[in-house]
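A.B. asks: structure, please.
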Amino acid sequence: MTGLTLTDIDRVIIGALRKDARIPNTELAALAGIAPSTCHGRVRALEQAGVITGYHAQIDPEATGLSVSALIFIRVHGHMRDRVHTLGDELRGLPGVQHVYLIGGERDVLLHVSVESVSQLRDFISAHIGVHPAIAGTQTQIVFEHLTPYGN
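C.D. replies: Presented below is the predicted three-dimensional model:
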């Protein structure tokens, strides 16, 4: 963020866009209690300051045939810890990868994947995770249900 101090109006705008990034500017302005032109300017300022980093469609993986989601906790070999960022970049390019998190604690990386079946998950782990020289160990958790925050 480049020196922009968030106002209460900015926080209203951010909250509304988080719930619905397609909200019309006139509705967004009404929620914030400001004129549409002022609202448009505030959104542009938030974008330019790096507060709003983009807009995207949220896709339900199950609706696209990817009915099995899993969280894979990855531990990197101690002597390869300097490769964690590189590993993260490699992992996020793999098919089925939804999110990659570099984390602290006992594990180094959390990988969220969505695939068509449990056997496809097994194959994904075997082909991409189990053979990677930087990876010391993994723990895989199947996701039964994803509960989004209220308003999303």
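A.B. asks: from Gln48, how far off is the residue of the chain most remote from its centre?
C.D. replies: No residue in the chain sits farther from the centre than Ala35, which is 32.1 Å out by C-alpha atoms, centre = their mean. Using C-beta to C-beta, to the nearest Å, we find Ala35 at a distance of 20 Å from Gln48. In short, each C-beta sits where N, CA and C put it, glycine included.
A.B. asks: ok, Cys39 next?
C.D. replies: In terms of C-beta to C-beta, Cys39 sits 15 Å off from Gln48.
A.B. asks: do Pro149 as well
C.D. replies: Look at Pro149 and Gln48: by C-beta to C-beta, they are 27 Å apart.
A.B. asks: those two: who's more crowded?
C.D. replies: More crowded of Pro149 and Gln48, by other C-beta atoms under 10 Å: Gln48, with 11 against 7.
A.B. asks: now that one. Its backbone dihedrals?
C.D. replies: phi -70, psi -30 (degrees, to the nearest 10).
A.B. asks: what of Glu145?
C.D. replies: When read as degrees, to the nearest 10, the backbone of Glu145 gives phi -160, psi 140.
A.B. asks: and if you look at Gln141?
C.D. replies: phi -120, psi 130.
A.B. asks: pull the contacting residues for it.
C.D. replies: By C-beta atoms under 8 Å, 6 or more residues apart in numbering, Gln141 lies in contact with 70-73.
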